[in-house]
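A.B. asks: A structural model of the following input is requested.
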Amino acid sequence: NHKNPPEGAAAENASGHSESLLEQISEWVSLLEEHRTTPTSRLNLSPAHRRYLEGTANWHLKLAYRLDPGDAALYEILHFTAMSRAPSAEAAQRVAESLAATTIAHALSPQGGLSSALTGAGAAINLLNNELQTGGGITVTREEMLRHWELLTKCLVRYRQLRAEAGAEGWWEAIPPTRQKEIGAYAALVQRIAGTIGRKLTALEVLKP
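C.D. replies: Next comes the predicted model:
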């Protein structure tokens, strides 16, 4: 019997449904970062005005992410801006953990589609990358790294299961070819990085050979 695709799979059929909003947010955040670090800003914003604009941009970004927590670009921008503005390495790690937890929970839920599963895998990769960096000022246990590796593995398994179902049930063909290519390229990238991290964790004896 033909089954309906996961609810999140409907989003795969719309190529760039939030692209315009995302581009605006990305440009806005980039502009604010540029003027914050450039002494001779043509905008000549007052500190209060700059804080207002930054707060507005951040609010729009968080709203867009809440509407679509499976969007990889939204997640990565929010992750980057939150991490870069954290007052300490410990605070940055807490922010990353909280954001990743939400992203991964959605990825593994019935509502999560192909892209959501890959976004969840990317969130787990970000956590592991932070933990594998030396001199980052954070303390991480073997158990924490192993837990994040298991979440990464679950997200990749979820992606492969959905991709197999998409082909078997015929709804992969309903996704525009450009979007198919994007999903495939992102999946290849995520799986390649996961392989690199897996080898590092094995070398550190977090994982068994």
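
A.B. asks: Was I right to think Glu97 contacts Leu127?
C.D. replies: Yes - in this structure, Glu97 is within contact of Leu127 by C-beta atoms under 8 Å, at 6.8 Å. All C-beta spots, glycine's among them, are computed from the backbone N, C-alpha and C.

A.B. asks: Pick out whichever of the two has more residues nearby.
C.D. replies: Leu127 (25 against 14; other C-beta atoms under 10 Å).

A.B. asks: Now Ala121: closest residue in space that isn't a chain neighbour?
C.D. replies: Excluding the flanking residues, the one nearest Ala121 by C-beta to C-beta, 6 or more residues apart in numbering is Cys155, at 3.9 Å.

A.B. asks: Extract the residue ranges of this structure that are flagged as low pLDDT.
C.D. replies: Residues of the chain meeting the criterion pLDDT under 70: 1-60, 134-138.

A.B. asks: Which parts of the protein are helices?
C.D. replies: Assigned by DSSP state H, the chain shows helices spanning 19-37, 47-67, 72-85, 89-107, 114-132, 142-169, 177-203.

A.B. asks: Pull up the gap between the closest residue to His148 other than its chain neighbours and Ala174, please.
C.D. replies: Residue nearest to His148 in three dimensions, not counting chain neighbours: Leu127, with 4.7 Å by C-beta to C-beta, 6+ apart. The gap separating Leu127 from Ala174 is 33 Å, by C-beta to C-beta, to the nearest Å.

A.B. asks: what does Ala203 give?
C.D. replies: 43 Å.

A.B. asks: Please apply the same query to Trp149.
C.D. replies: 34 Å.

A.B. asks: Next: Ala185.
C.D. replies: 19 Å.

A.B. asks: go on, Leu151?
C.D. replies: Counting by C-beta to C-beta - Leu151 and Ala174 are separated by 29 Å.

A.B. asks: Next up, the contacts around Thr119.
C.D. replies: Contacts for Thr119 (C-beta atoms under 8 Å, 6 or more residues apart in numbering) come out as 69-72, 75, 103, 107.

A.B. asks: What count of nearby residues applies to Thr139?
C.D. replies: Thr139, neighbours per other C-beta under 10 Å, totals 10.

A.B. asks: from here on, count from 503
C.D. replies: Happy to do that; since the first residue is 503 now, the last one works out to Thr641.
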